[in-house]
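Q: here is a sequence together with a model predicted from it:
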Amino acid sequence: MRKIVILTGAGISAESGIETFRAEDGLWAQHHIEDVATPEGFVRDPKLVVDFYNARRAQAASVEPNAAHRALARLEVEHEAEVVVITQNVDDLHERGGTTTLYHMHGHLKSALCADCDHRWPAPMVMSPGDACPSCTAPSARPDIVWFGEMPYDMETLFRHLTEADLFAAIGTSGNVYPAAGFVAEARRSGAHTIEFNLERSAVGNQFAEHRIGPASQTVTAWVDDLLKK
Ligand code: APR
Ligand code: ZN
């Protein structure tokens with residue numbers, strides 16, 4: 001086996017204490033997506049948006065990676081195949097869990113972006129609307145998050161990894177948001193075996209060859225143990 005590609009979503013961070021988006025009490029039950037996760041929302045009320053990400057940045061800093069994050073890091077170190085993790089999450093739990101080949105396709109709470117010159121720099125714990133860009137000095141800092149209607153990062157590279165995957169796993173994602181929800185179809189087209197790890201079948205669950213139902217901290221750890229035994 002040459003390459004294992006893993007897509008993760010909010011469900012892998014749930015057992016660390018970070019709420020998911022689409023659960024009853026999830027983030028999208030508490031906030032309107034169009035107000036806090038769109039470019040229009042940022043123009044309308046930059047303070048509301050910046051404060052939303054300040055709260056999520058503080059929460060991410062206050063929780064720990066769980067056994068699922070750590071299992072993926074062990075897989076990357078110990079398995080002879082190349083292991084590539086693509087996350088939709090903007091927390092840093094994969095990095096803190098030890099994963100190194102990692103793509104944040106929806107951006108990252110720890111990064112700030114200049115809306116004028118595209119410069120990126122480490123975000124302060126608390127951002128304010130109108131913070132100056134350290135490169136072009138314009139008052140145009142924004143969270144380095146991919147909002148609805150914006151293009152996810154590294155898409156060309158991600159599709160190349162998917163075409164080269166022998167094994168594709170999706171962990172803790174509801175399959176509601178594209179292009180991530182389309183990754184399983186791409187992996188199948190490349191002949192990869194596909195496994196979904198979730199508490200229930202996702203919106204694209206029927207496209208996976210295999211399902212491991214249960215909390216990721218248990219199912220992913222058992223899966224990695226199996227893979228490393230072979
Ligand atoms: N173990 C495994 N799966 C879990 C667990 C758990 N402990 N807890 C929840 N899940 C599953 C849920 O069943 C659900 O299918 O994780 C999934 C979380 O789905 P969402 O809340 O929709 O999160 P996600 O799929 O990551 O959302 C994708 O949507 O709002 C945008 O940009 C945002 O990156 C996000 C994208
Ligand atoms: Zn700038």
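A: Noted; the coordinates are in hand. Ligands and ions are numbered 1, 2, ... in the order given.
Q: ok, residue 30 to residue 55 distance?
A: Relative to residue 55, residue 30 is positioned 10 Å away (Cβ to Cβ, to the nearest Å). Bear in mind the C-beta positions are built from the backbone N, C-alpha and C, glycine included.
Q: max-length helix in the protein?
A: Longest helix in the chain, counting residues (DSSP state H): helix 46-62.
Q: okay, buried residues for that one please.
A: 46, 49, 50, 51, 52, 53, 54, 56, 57, 60 (16 or more other Cβ atoms under 10 Å).
Q: for the last one, which non-adjacent residue is spatially closest?
A: Counting by Cβ to Cβ, 6 or more residues apart in numbering, the nearest residue to residue 60 once its immediate chain neighbours are dropped is residue 91, at 3.9 Å.
Q: same check on the second one?
A: Spatial nearest neighbour of residue 49, excluding adjacent residues (Cβ to Cβ, 6+ apart): residue 42 at 4.7 Å.
Q: how many neighbours does that neighbour have?
A: 21 (other Cβ atoms under 10 Å).
Q: that one belongs to a strand?
A: No. Under DSSP: H, G, I helix; E, B strand; the rest coil, residue 42 sits outside any strand and is assigned helix.
Q: element containing residue 94, please.
A: Secondary structure assignment for residue 94, by DSSP states H and E: helix 93-97.
Q: got it, and residue 218?
A: Counting by DSSP H and E, residue 218 is part of helix 216-229.
Q: please identify the buried residues of that helix?
A: Under 16+ other Cβ under 10 Å, the buried positions of helix 216-229 are 216, 217, 219, 220, 221, 223, 224, 227.
Q: could I get stretch 153-172 in CSV with only the CA atoms?
A: Output of stretch 153-172 as CSV, limited to C-alpha atoms (Å, rounded to 0.1, in the frame of the first residue of the first chain):
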residue,chain,number,x,y,z
TYR,A,153,-7.0,25.8,0.0
ASP,A,154,-4.6,23.4,-1.8
MET,A,155,-7.4,21.8,-4.0
GLU,A,156,-5.0,20.8,-6.8
THR,A,157,-2.7,19.1,-4.4
LEU,A,158,-5.6,17.5,-2.6
PHE,A,159,-7.0,16.0,-5.8
ARG,A,160,-3.5,14.7,-6.7
HIS,A,161,-3.4,12.9,-3.4
LEU,A,162,-6.9,11.4,-3.9
THR,A,163,-5.9,10.1,-7.4
GLU,A,164,-2.9,8.3,-5.8
ALA,A,165,-4.8,6.9,-2.7
ASP,A,166,-5.0,3.2,-2.1
LEU,A,167,-7.0,3.7,1.0
PHE,A,168,-9.3,6.6,1.8
ALA,A,169,-10.9,7.2,5.2
ALA,A,170,-13.4,9.9,6.2
ILE,A,171,-13.6,10.5,9.9
GLY,A,172,-16.3,12.6,11.7
